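A.B. asks: Give the three-dimensional model of this entry:
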Amino acid sequence: MKTFTLNTNQLKSHINELSVGDKVILSGTVYTARDAAHKRLSVMLEKNEKLPFDLDGATIYYAGPTPTPENLPIGSCGPTTSTRMDYYTPLLLDNGLLCMIGKGNRESFVVDSMARNRALYLCAIGGAGALAAKCITKCEVIAFGDLGCESVKKLTFNNFPLTVAIDSKGNNIFKK
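C.D. replies: Model prediction:
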């Protein structure tokens, strides 16, 4: 197992080096989206509508941050269970999504789609949302504000600790 310190714009060029169990210290732009936002993004894709952010090479963090305390960029921001997004994930991957961050295993059809699209799934530590928030330096709602904590947000990560749970070849830490 190796440790990689990467910016989100470097993930694509390192995708073949990242293997199950590797540690990734991630910085850069990440978007939040949970199930309600995934449904809306999927409908937009099916209608050929412009998305609120470019999926090509994007990283989505399955999180719904708590309200932002005064003088902080974000409230508690831990990962949510990823399987709730599984139904929508292959469509997003087929349209360029590169990396997902969450917690828990993924369905086999998602893993197959990840391998086909050379994508990556990273796990964050569940139950440590307040600690995770310390690695987020900026938060901006960019779509679906009516969804509250489930709106799509553009985050800036700074040295966010993650583990490769499913690599771009389809190897799965939950199957070992």
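A.B. asks: tell me what the longest helix seen in the chain is packed against?
C.D. replies: Counting residues, the longest helix found in the chain (DSSP state H) is helix 35-46. Applying 3 or more C-beta pairs under 8 Å, 6 or more residues apart in numbering; DSSP states H and E, we find helix 35-46 packed against helix 89-94. In this view, the C-beta of every residue, glycine as well, is placed from N, C-alpha and C.
A.B. asks: Would you mark the buried spots in the helix it packs on?
C.D. replies: For helix 89-94, a neighbour-count test (16 or more other C-beta atoms under 10 Å) marks 89-93 as buried.
A.B. asks: Past it, which element shows up next along the chain?
C.D. replies: Downstream of helix 89-94, the next assigned helix or strand under DSSP states H and E is strand 99-102.
A.B. asks: Mind listing residues that contact that next one?
C.D. replies: For strand 99-102, the surrounding residues in contact (C-beta atoms under 8 Å, 6 or more residues apart in numbering) are 8, 11, 30, 58-63, 79-82, 85, 89, 119-124, 162.
A.B. asks: now stretch 136-150
C.D. replies: Stretch 136-150 is touched from outside by 31, 33-37, 40, 52-53, 64-68, 73-74, 77, 151-158, 160, with contacts defined as C-beta under 8 Å, 6+ apart.
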